[in-house]
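Novice: here's a sequence, model it:
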Amino acid sequence: MRAFVAVLLRTPGLERLLGELAGVRNAKAVAPEGTHVTLKFLGEVQESKAPEVCEALEKALAGVKPFRAELRGVGAFPSESRPRVVWAGVHPESAFGELHLRVERAMQELGFTPERRSFTPHVTLARMRGRSQEVLEFIRRYRGVELGSAEVRQVHLMRSTLTPAGAKYSRVCAVELL
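Specialist: Numbering: from 1, shown residues only. As a prediction, this is how the structure comes out:
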């Protein structure tokens, strides 16, 4: 199975933006039920290894308390002038950074390759299939806008199934933050 570790986040503000992005030329908006912050992409994982991954996540996240995530602003990777991915920012970055480090260490102990890129917590809103003046205007309009908040109480091991309509996500396990 294709897998990743994530915090699922959903707010009315995010859903509103996704609805607007659905009409933007060259933008492929994600489904509202798929909004999340990826803490670690694992790639292909044998189904039989899922319980071991879930157990490692439980140990790694022991003692982490729930926290409130604020969603604010919109940007693009690799840059606003060449957007390939449109994203919403999540705060506090330090809390997501701590989750990421704990997950990264635990997965490295299981033999997963560490991520080389620096971690930037975000929620992917859309993937671009070419340039679009509309998306540049969208990014400028929502650059500093508050998009709501959500309580972070769980971290999930997720399965990603690629389909012609886009990736479909399903939960493999959830680790409670206590």
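Novice: only C-alpha atoms from now on, for both contacts and neighbour counts.
Specialist: Will do.
Novice: in its sheet, what does the strand or helix carrying Phe77 sit against?
Specialist: Phe77 is located in strand 67-78, with elements delineated by DSSP states H and E. When pairs are called by DSSP bridges, strand 67-78 turns out to pair with strand 83-91 (antiparallel), strand 146-152 (antiparallel).
Novice: next, the angle from the longest helix anywhere in the chain to strand 67-78.
Specialist: Identified as the longest helix of the chain according to DSSP state H is helix 93-109. Helix 93-109 and strand 67-78 meet at an angle of 80 degrees, taking axes from the mean of the first three to the mean of the last three Cα atoms, to 10 degrees as the criterion.
Novice: give me the contact list for stretch 113-132.
Specialist: Applying Cα atoms under 8 Å, 6 or more residues apart in numbering, the contact partners of stretch 113-132 are 17-18, 21, 24-30, 35-40, 82-91, 93, 96-97, 100, 104, 107-108.
Novice: now it: buried residues?
Specialist: Buried residues in stretch 113-132, defined by neighbour count with 16 or more other Cα atoms under 10 Å: 121-128, 132.
Novice: so what's the residue sitting nearest the centre point of the chain up against?
Specialist: Centroid check for the chain by Cα atoms, centre = their mean gives Val37 as the closest residue, at 2.3 Å. Contacts for Val37 (Cα under 8 Å, 6+ apart) come out as 6-9, 121-124.
Novice: please repeat the previous calculation with a cut-off of 7 Å.
Specialist: 6-8, 121-123 (Cα atoms under 7 Å, 6 or more residues apart in numbering).
Novice: now name the helix or strand holding it.
Specialist: Per DSSP H and E: Val37 is located in strand 36-44.
Novice: and that strand, which strands flank it?
Specialist: Counting by DSSP bridges, strand 36-44 is paired with strand 2-8 (antiparallel).
Novice: distance from the strand it pairs with to the middle of the chain?
Specialist: When C-alpha coordinates are averaged (Cα atoms, centre = their mean, to the nearest Å), strand 2-8 and its chain have centres 8 Å apart.
Novice: which residues sit against that strand?
Specialist: The contact list for strand 2-8 (Cα under 7 Å, 6+ apart) reads 35-45, 154-161.
Novice: mind exporting that strand as CSV, just the C-alpha atoms?
Specialist: Taking Å, rounded to 0.1, in the frame of the first residue of the first chain, the C-alpha atoms of strand 2-8 are listed here in CSV:
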residue,chain,number,x,y,z
ARG,A,2,1.1,3.6,-0.7
ALA,A,3,1.2,5.2,2.8
PHE,A,4,1.9,8.4,4.7
VAL,A,5,1.5,9.8,8.2
ALA,A,6,-0.7,12.8,8.6
VAL,A,7,-2.9,15.1,10.7
LEU,A,8,-6.3,15.5,9.2
